[in-house]
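In: Next input, structure requested:
(one chain, ligands or ions: 2)
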Amino acid sequence: MKKFVWIIVAAAALFAVSCSVGQPAVQETGKPDMSRMPEDIGQWEAEVNADFERVIAALGTDEALTVMNEYDTKYGTNLAETFLPEINAARASGKGSSNYPPLTDLPVNRDGAIYLSGGATDLVGNVIGWVAPKNLPGGYYHGGALDLNKADPNNPDVPCVQTAIPKGAGYETVNDWRGKVNVCVLNPKTTLDAAKLDNAQNQMDYYCKPSNTNMEYGFFKNAINIFNVVTKEDMYTWYCTKVAWHVYNRYGLDIDSNSTLVDFTKSGLYGLVSAYYKTIYFYSSSKANAAINAYVADARKKIVLAEEIMLSPHLVKVYEKIRE
Ligand SMILES: [Ca+2]
Ligand SMILES: [Ca+2]
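Out: Ligands and ions are numbered 1, 2, ... in the order given. You can find the predicted model right below:
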């Protein structure tokens, strides 16, 4: 009888040890036990962080889908389903070359005009395509600002639109823009001071000129770290709409409307961020939602996206072609 009691005590002790070590508890299926709060929050968050970092590192690579499927299987999320269209779109296309006829009526007549483009078949395999929310007709995510003094009416292949290219800040040509799927042109609503605008464009030229390569293309600092969104004020990491914003910022106008009409929940970035917080705070939906909302509020201020520029009160739409 005494021996039997000892066995029970030993079994209970073993059970207690197995419960307190190795959190989060792993079920027989190999999945973490997400039916109750993790006992060791620090260890749980470290594990999720490590798995999520793998997802982020795989974005834009051939492994992305596999890594997302693994994450989904482990945590019950649906990253792969959410991002499959984004990944396929990024794979299917080349850089901004559509099969549509060139937009020969594209206006090139106003210094400082903002050009925006969008359209699924025009999605370049870069970050901005899935970061940008696309709520408005046109699905705009790409942008640039025209320096009319650089344009040549007789040569549409002259670099004159300040935007971002693989080296960071750079130029696109009129022909580049004529070939895009969906395009709109926004002019400054008021007459700008020509000399002041030229000065702002010349300052931006310092970064856009081909010889300046001391910079990088990107939306996040340190590769694709979604928790380190590059600020508008940063002068090293460039994406297209940030270049256009800088021209106007130097002039003295803030064309980032931060309009609440731009719904960040309609972006790939939001999908990633919410999947992350819903995993790490699976035990508290209010904690997860608070973290997601805080991220969006912070990102909205730091980021300047095409739709935010489109809704700027400083600009007025003078041309638009939506072909898909
Ligand atoms: Ca100019
Ligand atoms: Ca913004």
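
In: count of residues packed around Phe219?
Out: Phe219 has 26 neighbours, counted by other C-beta atoms under 10 Å. Placement of C-beta: from N, CA and C, glycine included.

In: Okay, it and Gln201: tell me how far apart.
Out: 23 Å (C-beta to C-beta, to the nearest Å).

In: Run the chain-centre distance for stretch 157-168.
Out: A distance of 19 Å separates the C-alpha centroid of stretch 157-168 from that of its chain, computed with C-alpha atoms, centre = their mean, to the nearest Å.

In: oh sorry, the question was meant for stretch 56-75
Out: The answer for stretch 56-75 is 17 Å, by C-alpha atoms, centre = their mean.

In: Could you shift the numbering so residue one becomes 684, and keep it that way?
Out: All right, first residue 684 from here; so that's stretch 739-758.

In: Now do the end-to-end distance for it.
Out: End-to-end distance for stretch 739-758, by C-alpha to C-alpha, to the nearest Å: 16 Å.

In: Confirm Leu880 sits in a helix?
Out: Yes: secondary structure assignment places Leu880 in a helix (DSSP: H, G, I helix; E, B strand; the rest coil).

In: give me every residue that touches it.
Out: Asp794, Gly795, Val930, Tyr934 (C-beta atoms under 8 Å, 6 or more residues apart in numbering).

In: Now restrict the residues you listed to buried residues only.
Out: Asp794, Gly795, Val930, Tyr934 (16 or more other C-beta atoms under 10 Å).

In: picking up where we left off before, tell me the one among the contacts of Leu880 nearest to Glu990.
Out: Nearest to Glu990 among those is Val930, at 18.3 Å by C-beta to C-beta.

In: quick one on the thing from earlier: among the buried ones among the contacts of Leu880, which lie within helices?
Out: Taking DSSP state H, the ones among these that sit in helices are Val930, Tyr934.

In: Just name the closest of the buried ones among the contacts of Leu880 to ligand 2, please.
Out: Ligand 2 lies nearest to Val930 out of the buried ones among the contacts of Leu880, by C-beta to the ion, at 16.0 Å.

In: Tyr798 belongs to a strand, doesn't it?
Out: Yes: the assignment for Tyr798 (three-state DSSP) places it in a strand.

In: I'd guessed it sits against Asn870; true?
Out: No: counting by C-beta atoms under 8 Å, Tyr798 stays clear of Asn870, with 10.7 Å between them.

In: Which residues are in contact with Arg933?
Out: Listed by C-beta under 8 Å, 6+ apart, the contact partners of Arg933 are Asn882, Ala883, Gln886, Met887.

In: What about ligand 2: which of those residues touch it?
Out: Checked against ligand 2 using C-beta under 5 Å from the ion, those yield no neighbours at all.

In: List only buried entries from those.
Out: By neighbour count, with 16+ other C-beta under 10 Å, the contacts of Arg933 hold Ala883, Met887 as buried.

In: Between Tyr798 and Asn870, which has more neighbouring residues?
Out: Applying other C-beta under 10 Å to Tyr798 and Asn870 shows that Tyr798 carries more neighbours, namely 29 against 19.

In: Next, the contact list for that one, please.
Out: Contacts for Tyr798 (C-beta under 8 Å, 6+ apart) come out as Gly826, Gly827, Ala828, Leu829, Val844, Trp860, Val866, Cys867, Val868, Leu869.

In: and the last one, how many residues sit next to it?
Out: If you count neighbours by other C-beta under 10 Å, Leu869 ends up with 25.

In: what about it, which SS state?
Out: strand.

In: Before we move on, what's the pLDDT of it?
Out: With respect to pLDDT, Leu869 scores 98.

In: What count of nearby residues applies to the residue nearest to Pro839 when sequence neighbours are not counted?
Out: Leaving aside its sequence neighbours, Pro839 sits nearest to Val857 (C-beta to C-beta, 6 or more residues apart in numbering; 4.0 Å). Neighbour count for Val857, taken as other C-beta under 10 Å: 23.

In: ok so, going back, which of the contacts of Arg933 fall in helices?
Out: Per DSSP H, helices hold the following members of those: Asn882, Ala883, Gln886, Met887.

In: From the rest of the structure, what touches stretch 826-844?
Out: 791-800, 845-846, 853-861, 881, 884, 887-888, 923-924, 926-927, 930-931, 989, 992.

In: what's near enough to touch Gly802?
Out: Neighbours of Gly802 in contact, by C-beta under 8 Å, 6+ apart: Ser781, Gly821, Gly822, Lys863, Val864, Asn865, Ile1005, Arg1006, Glu1007.

In: I'd say the fourth one and Pro785 touch.
Out: It refers to Lys863. No: Lys863 is beyond contact range of Pro785, at 9.5 Å (criterion: C-beta under 8 Å).

In: tell me the domain boundaries of this structure?
Out: Domain segmentation of the chain under automatic domain parsing yields 726-775, 797-1004.

In: where in the stretch 684-833 of the chain is pLDDT low?
Out: 684-713, 768-781, 803-811 (pLDDT under 70).
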